[in-house]
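Take a look and give me a structure for this.
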Amino acid sequence: MESLERRLASSLEGFLPPFAKLSLELRNLPNSSRPEGLRNVEEFYTECGFLRLAESSQHQLSEKELTGLTNLDQNYPEHRRKNYIIGNNVERKNAEADGWKDVLKSVDWDGTGVLDATAGYVRADKACIWLSMKAKHAAVCFIEGELNGKVIKIVVDSLADENKIRGVETADGIFHPADLVIVAGKVSRPLVKPTYS
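Numbering: from 1, shown residues only. Coordinates of the predicted model:
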């Protein structure tokens, strides 16, 4: 498969998925400037594509697939140009010219489908370290630690018309006001109240 740099150089309008761009940023950063966990890491994004095939070789693309492609055409043309209908000879040749020939050749399929060349996978642990570093450089403050980072209470303004979350209280007794609270990871169900806004 082509290198990420070659894809960037040859892609239409320089389009690359966001994580591919972040991965290239990391590659250009010297090891000495990288946080622990990202030293000697070449990239954390692998562009592998995703092939969605029709139900059988005799079937055409589903209505849902066609609707999705139409949406891309209308709203995200740069994405649509990287979603190739493999049953269409012109689009298949475009995919091959863009570096996907070996992938298409490896699939024993005489029907149609869509090769989404914008798809890939991310090494989540490495991406989180990188995004955390970028956030800290943008003056985002992380509250971490056994006491400081442990939320014990979601504080709600019960006098408002809606139960609006005002912030959180951490195990060290400090209230952290917030316009937006995102609950992510190891959440216990009793803490989540769907009536909050």
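
Could you report the neighbour count for Pro177?
When neighbours are counted by other C-beta atoms under 10 Å, Pro177 registers 8. No exception for glycine: its C-beta is placed from N, CA and C like everyone else's.

can you pull out the strands in this structure?
Taking DSSP state E, the strands of the chain run over residues 45-47, 50-53, 83-85, 113-116, 120-122, 151-157, 164-170, 175-177.

and of the ones you listed, who's closest to Cys141?
Cys141 lies closest to strand 175-177 among the strands of the chain, at 9.8 Å (C-beta to C-beta).

Quick one: residues in contact with the closest one.
Contacts to strand 175-177, defined as C-beta atoms under 8 Å, 6 or more residues apart in numbering, come from residues Ile143, Val155, Arg166, Gly167, Val168, Glu169, Thr170.

Identify the residues contacting the residue nearest to Asn94 when sequence neighbours are not counted.
In this structure, Asn94 finds its nearest non-sequential neighbour in Tyr84, 6.1 Å apart by C-beta to C-beta, 6 or more residues apart in numbering. Tyr84 makes contact with Glu91, Arg92, Asn94, Ala95, Trp100, Val114, Leu115, Ala117, according to C-beta under 8 Å, 6+ apart.

how about a cut-off of 6 Å?
If you count contacts by C-beta atoms under 6 Å, 6 or more residues apart in numbering, Tyr84 has them with Glu91, Ala95, Leu115.

Quick one: these as a markdown table, columns for neighbour count, pLDDT and distance to Leu26 too.
Formatted as a markdown table, these follow (neighbours: other C-beta atoms under 10 Å; pLDDT from 0 to 100; distance: C-beta to C-beta, whole Å):
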| residue | neighbour count | pLDDT | distance to Leu26 |
| --- | --- | --- | --- |
| Glu91 | 17 | 95 | 32 |
| Ala95 | 22 | 95 | 27 |
| Leu115 | 23 | 95 | 26 |
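
what's the pLDDT at Leu191?
We note a pLDDT of 52 for Leu191 in this prediction.

Measure how buried the closest residue to Lys82 other than its chain neighbours is and give me the count.
Closest residue to Lys82 apart from its sequence neighbours, by C-beta to C-beta, 6+ apart: Ala117 at 4.3 Å. Ala117 has 26 neighbours, counted by other C-beta under 10 Å.

Same question for Ala135.
Ala135 has 12 nearby residues by other C-beta under 10 Å.

try the one 10 residues further on
For Gly145, the tally of surrounding residues (other C-beta under 10 Å) stands at 11.

quick one on the thing from earlier: for ChimeraX, write the selection for the buried entries among the contacts of strand 175-177.
One line in ChimeraX is enough to select the buried members of the contacts of strand 175-177, burial here meaning 16 or more other C-beta atoms under 10 Å:
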select :155,166,167,168,170
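
Output the contacts of strand 175-177 as a markdown table; include the columns pLDDT and distance to Glu55.
Shown next, in a markdown table, are the contacts of strand 175-177 (pLDDT from 0 to 100; distance: C-beta to C-beta, whole Å):
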| residue | pLDDT | distance to Glu55 |
| --- | --- | --- |
| Ile143 | 87 | 50 |
| Val155 | 91 | 51 |
| Arg166 | 90 | 50 |
| Gly167 | 92 | 50 |
| Val168 | 93 | 48 |
| Glu169 | 94 | 52 |
| Thr170 | 94 | 52 |
